[in-house]
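Colleague: with the sequence up front, the predicted model follows.
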Amino acid sequence: MRTAHVDVARAACLAALLLLAGRARAQDNDFFEQGATYFKPDTIEGVSKHAESPTEAPATVTIVRRDEIERYGFRTLADVLNFASLGDFVTYDRRYQLAGARGLFFAEDFNTRILVMLNGHPLNEPWSNFAGLGREMLLPLDLVDRIEIVYGPSSLLYGGYSLYGIVNVVTRTGESMAGGRVRVSAGSERTGEGVASFGANGVTRPESGAGRAWSILASGGYYSTDGEALDLPRVDVGAPVEQSGGTVWGGSQHGTDFERAPFAFVLARRGDWSLQARLGYRRRGTPFAPYGAVYGSHRQSLKDAKHFVEVRWDHDLGGGLAFSARAFHDRYGYDERDPYADTPTDPTGYDFVLTARDHDTGAELRGTLQRGTHYLTLGGEYRARALDQESHTEIPGGGPTPGSSVRGDATGRFAVVYAQEEWRPHRLVSFVLGGNLASTRPGGTRALPRVAMIVKPTRSLALKALYSEGFRPPSIYEASYADYLTKISNPDLRSERISSTEGALIWKASRRASLQGYVFQSRLLGLIRGVEVTSVEAIQGDVAGPSGDPADLVGQLQYQSTGDVVSSGAGAALQVRGRALQGYLNVAYAHARWDVGGTTDRKRLSGSPHWTASAGISASRGAWTGTLVARALDARLLQPEFGPGDVKGFVEANARLLWRTRVRYPLTLSVDAFNLFDSDGEIAASPVYAVPRLPIEGRRLLMSAEIRF
Amino acid sequence: MLVAVMPPSPSGSRLRSAVWLAGVLGLATAGGAAAPTRSVIIRPASTGGAADLAPELARLVRARGGANAARVIELSGDGPADSARVAREARGASVLFTIGHAATEIAGEARSAHVVALGVANPALVKTAGVYVSVYPRLERVFAFIKTRLQARNVGLLFSPSKNREVAVAFLEAADAQGLHLVPVAVKSPGELVRELPKALREVDVLMLAVDPLIFDRDSLEFVVGQADRAGKPTLGFLRGLTSLGVTICLLAPPPEQAATAVAAAADVVRVGKKHVDVDDVRVIVSSPAARKAGLDPEALGANRAR
């Protein structure tokens, strides 16, 4: 484990930053802010399917812009949620960055309850509704123009998944990122990354005077790290977790925390048409040895591959009437390998290999009518989904063990129609009324309303009263997949539903300072969790195994609705954007109780903190920028499988020093220190691990150079 | 820093007076409108630059039509909300004065009133029909200044083709008319700027900077100014504040004249297509240190009082 905090280093770092800020020369930004007046900003409509400001959105929203991403040194969406969001937090178990929000967090949930989008394209895949917050599905943040974080259920126009909220990652375009750009990074733990992009734009047939604007942004890159060398406390877990058959989990290991992630991305537009496509995968080791696998094995790994292509048509008919259509095809692949040592017949043990392939093919049609004080949105979306999963065991170096292969296929669909009216009858007040009707298989039919009233007593103050609902259909894996060896299906499984009541305010105190706050209460109904079937009576959906005898299914995993979760809390965010000094502070409190079905016992959720906070301060002087960001996480309960107890809260800080210069072409050099003070924070491990607490990543350094040509 | 106001040319003055008179008469005859507010001024939320035209515009409209003659709507930046507000509050207005690109687009959606737009860098990028008051001074006067005061023959124009292609064509025609050779320096990316600018600076006597996203990027502007300094060539821009960022000369369409031209143009109703109106007066602002670096005498450039 790492050493204790270094208070002297903390003090020195803060002092240096404040000194830099104190001596910072005021810069005249006003001239450069005029550009938005003379030209239309280059934007992509995201969360509400049309551009809107935070004061008008029927939700509490945080927008992290490109300059802030660069200034604060965020590398992944998980960084942004941890260090810049209002109450969202991410638990990283070296497999996935798993999000929680507003008191809600469920181990092994795989981000199924947060809707993650890239340029408005949902990334949650159908197999387990998983959405990656790291490098599995998204892009390096150099390519990103802004990140929109919407808190609470806001899935009216999208149909599902946004129980925690929505995160929309909006990329730059061939216009805003014209020319060539290369970034290379290198740092601790043999970390290296290279990202290259090329953007171009123009007008077709300019001589005709009726040409159409076009732009293209193409990018590719590769990220690689060996990861942290770990030396974890040794614990006898009573099961064979050593290659030799021993039962001691822990000890030193290195090279097992590796990650490799290549990607390619294209965003092209011509007139009303646009196309975006993403190819890439992330393969990484799992050093904490989940699922009772051998500790410290280089063979244990998982791989997530996400490829998609989307074609979109946006046409303005004039008179406030516009249409938009898009068609898409997504493919997701998952490969997992877990080494085991519990076979007495072969001293080398065996590997469990799991492969899943799914796809999502669909289309959406949407129309908007803007007439006077009304803005009406109508639309619908349909997706056909399919899953193919196979697992087997194999002797290392050999092929699949005969008879060990288990295969299952399943299909599903997702259909939603929606309507939303925004009415602004008076300058002081606006209303948002809407509803959708979704039909999913699995999951059934759901109808959801949204009601919001926004009052603006002054130009700088907006008060919001919000009621919204969201739902999450069960994934194909949860409801339909069955191998009858470890898991059975549940045809009766219905979607989870969440309703949320919220009051929020935004006060733009000045051009440089703004304050945002909210209070909320939500109720999640029909929480879906995997449970071990303990009796024939506990089996839902009249499922019978291949033998026809339900008794054969006892002891297997079945996903069921397991109760309701009530959550309430409040949060506040302060943002200051001075000429030389910028900063923000987010503080959120949430209190969630799980009302397990059939009992009056309400449990606090494990792994979820009451308090979360994040802050950043950044000072610029000439070509130099210095930044410090930090997050604080309150204590969390251990997962119940590990008995009573908790993990203590921790504070983690990152620092960045950035220098802009020229070597013929514009060159930006930066040095980042992640977990600067080597804080020894912990996460509450999910029950798939042998121990209840796992360490967060230690201090790492990264140097980057970016050149634009 | 030195500032001078060039007197209007005799022909320009007559034209402006005529337009002004027509505008005043137009406003006077439109006085019978039922709505208490006849003109609405739609301005961006930002301050500085074109946004600062709003008070002057409101003053002029009110001076001619009374205290209720003009209502100012400040946009929030939210498209649908701003559209709704304009639709609600501009009902019955006969003229919509718009400042900036977004305001002009929103006014176009209202489709109820005659639009007079200011602060739009390139009207070709906006669909709204109406009268567009140029952000540039009359180009004949710009090139006359370059020809007589700077004694230049080869003039560069730095711009992004995606944003200012039509503007560059207008500059080309105006330069031709004055017998000057215009060298277009079309730049699509920071890399192209690095590659193209040094070559272009060797060919030109002065470099003009269009009102373009390029100059609103600090890195790019610093590079342009630095390269021009190194080449000993003066730079010439069209926005207030550029001289304090190292640009040698600014030729401005003075805000009061822009506002007056817009008010005068309100009488000329354009429902289909676009009519372009220029401001005849030119204010010359010179950065003395930058001028001396480029071998120019600030006094000889027509600037006649210290700022």
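Modeller: Looks like it came in fine. Numbers count the residues shown, from 1 in each chain, chains lettered A, B, ... in the order given.

Colleague: CA atoms for contacts and neighbours, from now on please.
Modeller: Fine.

Colleague: which residues does the residue in the stretch 201-307 of chain B positioned nearest to chain A contact?
Modeller: Distances between the stretch 201-307 of chain B and chain A by CA to the nearest CA are smallest at B:Phe216, namely 4.7 Å. For B:Phe216, the residues meeting the contact criterion (CA atoms under 8 Å, 6 or more residues apart in numbering or on different chains) are A:31-35.

Colleague: quick check: it vs A:Ala613, distance?
Modeller: 35 Å (CA to CA, to the nearest Å).

Colleague: now do A:Pro262
Modeller: Noted for A:Pro262: a distance of 33 Å to A:Ala613, by CA to CA.

Colleague: same thing with A:Ala305?
Modeller: As defined by CA to CA, A:Ala305 lies at a distance of 33 Å from A:Ala613.

Colleague: and the two? Which one has more around it.
Modeller: Neighbour totals were compared for A:Ala305 and A:Ala613, and A:Ala613 leads with 26 against 21 (other CA atoms under 10 Å in any protein chain shown).

Colleague: surely A:Leu437 forms part of a strand?
Modeller: Yes - checked against DSSP: H, G, I helix; E, B strand; the rest coil, A:Leu437 lies within a strand.

Colleague: can you get me a residue count around the nearest residue to it once chain neighbours are set aside?
Modeller: Distance criterion CA to CA, 6 or more residues apart in numbering or on different chains; nearest residue to A:Leu437, sequence neighbours excluded, is A:Ala447 at 4.3 Å. Neighbour count of A:Ala447, defined by other CA under 10 Å: 17.

Colleague: how about the residues of the stretch 401-550 of chain A by chain B?
Modeller: A:424-427 (CA under 8 Å from any CA of the partner chain).

Colleague: and the residue of the stretch 1-150 of chain B closest to chain A?
Modeller: Using CA to the nearest CA, the point where the stretch 1-150 of chain B gets nearest to chain A is B:Ala84, with a distance of 4.1 Å.

Colleague: now do that residue, the pLDDT please.
Modeller: pLDDT recorded at B:Ala84 is 86.

Colleague: adjacent strands (with direction) for the helix or strand encompassing A:Met117?
Modeller: Here A:Met117 sits within strand A:114-118, counting by DSSP states H and E. The strands beside strand A:114-118 in its sheet (DSSP bridges) come out as strand A:121-122 (antiparallel), strand A:165-171 (parallel).

Colleague: now render the ones you listed as TSV, adding mean pLDDT, mean neighbour count and distance to A:Ser154.
Modeller: Output for the strands paired with strand A:114-118, formatted as TSV (pLDDT from 0 to 100; neighbours: other CA atoms under 10 Å in any protein chain shown; distance: least, CA to CA, whole Å):
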stretch	mean pLDDT	mean neighbour count	distance to A:Ser154
strand A:121-122	94	18	14
strand A:165-171	93	25	6
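
Colleague: hey, where'd the strands end up in the stretch 151-300 of chain A?
Modeller: Remark: strands assigned in the stretch 151-300 of chain A by DSSP state E, counting those that start in this stretch are A:165-171, A:179-187, A:191-203, A:213-225, A:230-236, A:248-253, A:259-270, A:273-285.

Colleague: which residues does A:Ala690 contact?
Modeller: Applying CA under 8 Å, 6+ apart, the residues near A:Ala690 are A:237, A:249, A:289-290, A:292.

Colleague: try 10 Å this time
Modeller: Contacts were defined as CA atoms under 10 Å, 6 or more residues apart in numbering or on different chains; by that measure A:Ala690 touches A:235-239, A:241, A:249-250, A:288-293, A:295, A:642.

Colleague: could you list the low-pLDDT ranges of chain B?
Modeller: Within chain B, the stretches falling below the threshold (pLDDT under 70) are B:1-37, B:111, B:303-307.

Colleague: residue of the stretch 51-200 of chain B nearest chain A, please.
Modeller: With distances taken as CA to the nearest CA, the stretch 51-200 of chain B approaches chain A most closely at B:Gly191, which sits 3.5 Å away.

Colleague: could you pull out the helices for the stretch 51-200 of chain B?
Modeller: Ranges of helices within the stretch 51-200 of chain B are B:53-65, B:79-89, B:101-110, B:139-148, B:161-177, B:190-203, based on DSSP state H, counting those that start in this stretch.

Colleague: typo on my end, it should be the stretch 1-150 of chain A
Modeller: In order along the chain, the stretch 1-150 of chain A carries the following helices (DSSP H, counting those that start in this stretch): A:7-22, A:35-38, A:66-72, A:77-84.

Colleague: quick one: the last one to strand A:114-118, angle?
Modeller: The reference is to helix A:77-84. Between the direction of helix A:77-84 and that of strand A:114-118, the angle (axes from the mean of the first three to the mean of the last three CA atoms, to 10 degrees) works out to 120 degrees.

Colleague: okay, which residue is most central for the chain?
Modeller: Just going to use chain A. A:Leu133 (3.6 Å; CA atoms, centre = their mean).

Colleague: hmm, I had chain B in mind actually
Modeller: Averaging the C-alpha coordinates of chain B gives a centre point, and the residue nearest to it by CA atoms, centre = their mean is B:Val135 (1.0 Å).
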